[in-house]
Structure formats: structure tokens, C-alpha cells
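Colleague: need a structure here:
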Amino acid sequence: MAIRMKKGFWIFLVLVLAAGLGYVYVFHVDQEKPVVQAFPEETHTNGDEPLEIRVHDPGLGLRSVEISVIQGQEVKKTVLEELGAGVHDWSSFIDLPDLVQGEFTLQIRAVDRSILNWGRGNVSELSRTMVFDSIPPSISMVSNVHNLNQGGAGLVIYSLSKEAQHTGVRIGDYFFPALKQPDGNYYCLFAFPYDADPTGDIPRIEARDRAGNEQVSGFNYHVNPRSFRQARLNISDNFLRSQMPQFESHFPDENDFFEVFLLVNRDLREKNRARIKEIAARTSADLSLDSPMLRKPNSAQMAGFADHRTYYYNDEEVDRQVHMGVDLASTAQAPVPAAGGGRVVFTGDLGIYGQTVVLDHGLGLQTLYAHLSSVHVQEEEEVERGQNLGRTGTTGLAVGDHLHFEVLVSGVSVNPVEWWDPSWLENNIFSKLKPKD
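Modeller: Numbers count the residues shown, from 1 in each chain. Okay, the predicted model is just below:
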């Protein structure tokens, strides 16, 4: 009997110990390490913005977080946070100490409350080599003469003292990115938009390096102000009946053709221009254009660049918009030649433009061909100057069969007349691209 009681006691004791060990394991043994992150993830900084440190422990919680900033052999700054029980998420913004230009190391060490490692817990460490740089890039002009027309384009060439993460020309709310060339210089094809103020909107070169240091510089230029034609367009019921059904899928809840027209002319037009801006990013760093753009042969110009249109319906003014590009008409379904050699970066329906082709000629320069009845090229196809892209038509918001043609600089429409003019091209574009003696 005594032996049986002793045996039962030991069994009970083993069960208690097992339960205790199970409790300890479940509630105090944690094999998941803390997750450590540092933001921003850029490796270069000028110290203007603090570093954000985030630590998350998915298990029993955090015990401590230690942050060190080391440059050379010297610890420039240390932050140690001892945390109470139940803290699973910790974050803080850390200002950098005084550093010299060059590399430094950010070290983060996080410890959780697990009893693993003889009670020392799980440890996660993050070590990141970074560069402290507080010197902005300097801008040196290479091109000297910049004669511009309101609504036209220009080319500026400059060099930077260091690699830029963001650089180009800004005019008011417009920004035109520059592209680095094999000679080490930055080439920026930019527009002086039709709606920019020749006296108040000053073109400036912007440059920002990887560390966030910014530099702004002006350059010598002259702008010729231009006035743009005022045009009256009468909207007929026949036009609404013939052209609005193609837009019903865009506005399925609207049954009145006149209301559809207003939505197309305003809202859809804005969306289409935003899409053109997106397409502009698909540009090459090499300018393929080496001769004046080809104008559609034997065509009459029906509408001009930046015509300011006032729309009337039943003799009442209903809308105002600006017509970008030019309208060229000849015979119905006439061939549409490529204005210059380039790469097809878009084909398809583009709302008010109907069936459209966009060619990229490099350096942000693109041409747009709209209202086509048929398209004879595919995206990514390389085409030659004069190659047939398709045929004219009445797709989109077109009144009669014609080609709507635009020249675009980083998605901003400019006056095509300049690009048809050999003298303008030589003086403002090609002469700047020739090697200097």
C-alpha cells in the first residue's frame, strides 16, 4: 500500500512538473525574434529629417531597444529604451548627431521577453551603412541661348556636381524632367506652356540629390508672348446623336446626350490628359529626331494650337475648353504618316481622342495622332519617318473626318508649327546637340 502511494505521489509530481514546464514554455518561451525597421530606406541623408525606428515583437513583447549612431570608431549617439511588460510595438524618431561628410553606421538592437538564451531573450539587430551628405549639387550651364515662344518648347543643357535623383525645369506648376546623357550632362527638353505667364512664370532648373539636398538655378532666356485664337463651336443635335453613343459606357447612368457631351468635354477630357501625362514617362533618353517633323501632306488646317473654344447649344454658351494640337483634314480615311522616326508607346481608344497612336522620339518628345478610323502599328514597334500609322476618321469627339495631331513635351502639348520649321529646329534644338569644338 505504501509503495503504491509513493508511486502515485511521484506520478503526481511528474505531472505537476510537466504542467509547470508546459506553462513556462507556453507563456515564457518565445522563439520569434523582434522585427526591426528603419525609415526612410534611403542610404543617403542630410540630417534634416529624423530617422524613424519601428520595432514589433509578435510574441511576449519587447524588453529593450538600443540605437547607436557610429562614425569612424566613435559612437556619436546612443539611445537605450527599457520597456515595461506588454509592449509589442515601439517607435521613435531619432535626430542625427553632428556628423562629418561621409559614411556612418546606424545600429539597432531589440531584445524581447523570452526566457530563451538563458533568460537573455531573442535578439534582433539591424546594421545599416549610410552616407551623411549636407552639400547640395551645384548647377553649371552648358547651353547659353534660350529663345522661347509662349506655347512653344526649348532645350536647356547643364551639368551637376553630383548625381541627381530629381532634376529638370520647373515653370509654375509644370515640371519637365531632365535626362542624363553619355557626355555626363543633363538635357532637358521643356515647354513654356500656352497658359504660363511670360512675365510672371520664370523657368528654373531644380536638382535634388539622394540625400535630399536641393539646388535651384535660373538661366538666361527670352519669351515671346503669343495670343491664341478665339473660336465658337455650335453643338447640334445631329452631332450629339452621331458621336455620343460611343461614350455611353463611360457614363452609364446618364441617358441625355447633351449631358453626356458635357461630361465628355469636361471630365473625360481631363482624364485623357492625365493618361497622356502617364504615357509621357515611357520615353527614351536618346532623341531620335534629326530632321523637321513631317506634316500630313495635302491637308488643310481646320483648327489651331491652343484655340480657345466656346461651345454653344441652342445659341446658349454651355462650356469652354482649349484645343491642344492642330486639326488637319484632306480626304476621308487618308493615310497618316509618322512625323518622325520613333517607338510606338500607345495605341488604342483614348476617350475624346478616339483611336489614337502615340510615338516617342526620345528626351520627352512625343507625337500624338487621334480620331483614327484604323491603326496599322503596334505598341513597341519602331517606325520610320513617313511610315503609315493608320487612317484618319471620326472616332472620339471629332466633327468630321480629320487628323488631330499633337506634339508633346513630357506630356504637355506644344505648338507643332515649331517642329515643322527647319530654321527653328536648327537654332533651338539641333545646334545645341552638336559636339563643341
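Colleague: wait, what's in contact with Leu425?
Modeller: With contact set as C-beta atoms under 8 Å, 6 or more residues apart in numbering, Leu425 has these partners: 292, 418-419. Backbone N, C-alpha and C define where each C-beta goes, glycine included.
Colleague: pull the contacting residues for the closest residue to Pro58 other than its chain neighbours.
Modeller: Spatial nearest neighbour of Pro58, excluding adjacent residues (C-beta to C-beta, 6 or more residues apart in numbering): Glu32 at 5.1 Å. Neighbour list for Glu32: 57-59, 112, 122 [criterion: C-beta under 8 Å, 6+ apart].
Colleague: how about Pro137?
Modeller: So Pro137 contacts 160-162, 164, 167, 207-209, 213, 215 (C-beta under 8 Å, 6+ apart).
Colleague: follow-up on the earlier one: pull the most distant pair out of the contacts of Glu32.
Modeller: Farthest pair in those (C-beta to C-beta) is Pro58 and Asn122. Separation: 10.5 Å.
Colleague: out of the two, which sits in the more crowded spot?
Modeller: Asn122 (20 against 12; other C-beta atoms under 10 Å).
Colleague: is it true that that one touches Ser64?
Modeller: No. At 11.9 Å, Asn122 does not count as touching Ser64 under the criterion of C-beta atoms under 8 Å.
Colleague: overlap in contacts, those two.
Modeller: Shared contacts of Asn122 and Ser64, defined by C-beta under 8 Å, 6+ apart, comprise Val111.
Colleague: for the stretch 251-400 of the chain, what spans make up the helices?
Modeller: Using DSSP state H, counting those that start in this stretch, the helices found in the stretch 251-400 of the chain span residues 257-263, 269-279.
Colleague: can you say which of these is nearest to Ile108?
Modeller: The nearest among the helices of the stretch 251-400 of the chain, by C-beta to C-beta, is helix 269-279 at 38.4 Å.
Colleague: who touches the nearest residue to Thr356 once chain neighbours are set aside in this structure?
Modeller: Leaving aside its chain neighbours, Thr356 sits nearest to Leu350 (4.1 Å; criterion: C-beta to C-beta, 6+ apart). The contact partners of Leu350, by C-beta under 8 Å, 6+ apart, come to 272, 275-276, 356, 370, 396.
Colleague: dump the residues you listed to JSON lines, plus neighbour count, pLDDT and distance to Ala306.
Modeller: Formatted as JSON lines, the contacts of Leu350 follow (neighbours: other C-beta atoms under 10 Å; pLDDT from 0 to 100; distance: C-beta to C-beta, whole Å):
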{"residue": "Asn272", "neighbour count": "19", "pLDDT": "97", "distance to Ala306": "17"}
{"residue": "Arg275", "neighbour count": "17", "pLDDT": "98", "distance to Ala306": "20"}
{"residue": "Ile276", "neighbour count": "22", "pLDDT": "98", "distance to Ala306": "16"}
{"residue": "Thr356", "neighbour count": "27", "pLDDT": "98", "distance to Ala306": "20"}
{"residue": "Ala370", "neighbour count": "28", "pLDDT": "98", "distance to Ala306": "16"}
{"residue": "Gly396", "neighbour count": "23", "pLDDT": "95", "distance to Ala306": "19"}
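Colleague: where are the low-confidence patches of the stretch 101-250 of the chain?
Modeller: 117-119 (pLDDT under 70).
Colleague: let me see the ranges of the helices in it.
Modeller: Going by DSSP H, counting those that start in this stretch, the stretch 101-250 of the chain shows helices at 237-243.
Colleague: how far away is the residue nearest to Pro58 from Ile115?
Modeller: Distance, Glu32 to Ile115, using C-beta to C-beta, to the nearest Å: 14 Å.
Colleague: got it, and Gln71?
Modeller: 36 Å.
Colleague: more neighbours: which of those two?
Modeller: Using other C-beta under 10 Å as the criterion, Gln71 and Ile115 rank with Gln71 on top: 19 against 15.
Colleague: show me what contacts the more buried one?
Modeller: 99-100, 102-105, 132.
Colleague: any chance of those residues in JSON lines, with distance to Lys296 and neighbour count too?
Modeller: Formatted as JSON lines, those follow (distance: C-beta to C-beta, whole Å; neighbours: other C-beta atoms under 10 Å):
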{"residue": "Leu99", "distance to Lys296": "61", "neighbour count": "20"}
{"residue": "Val100", "distance to Lys296": "62", "neighbour count": "11"}
{"residue": "Gly102", "distance to Lys296": "58", "neighbour count": "11"}
{"residue": "Glu103", "distance to Lys296": "58", "neighbour count": "14"}
{"residue": "Phe104", "distance to Lys296": "60", "neighbour count": "21"}
{"residue": "Thr105", "distance to Lys296": "62", "neighbour count": "15"}
{"residue": "Phe132", "distance to Lys296": "57", "neighbour count": "20"}
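Colleague: in strands, which of those residues fall?
Modeller: 102-105, 132 (DSSP state E).
Colleague: what's the burial count for Ser291?
Modeller: 11.
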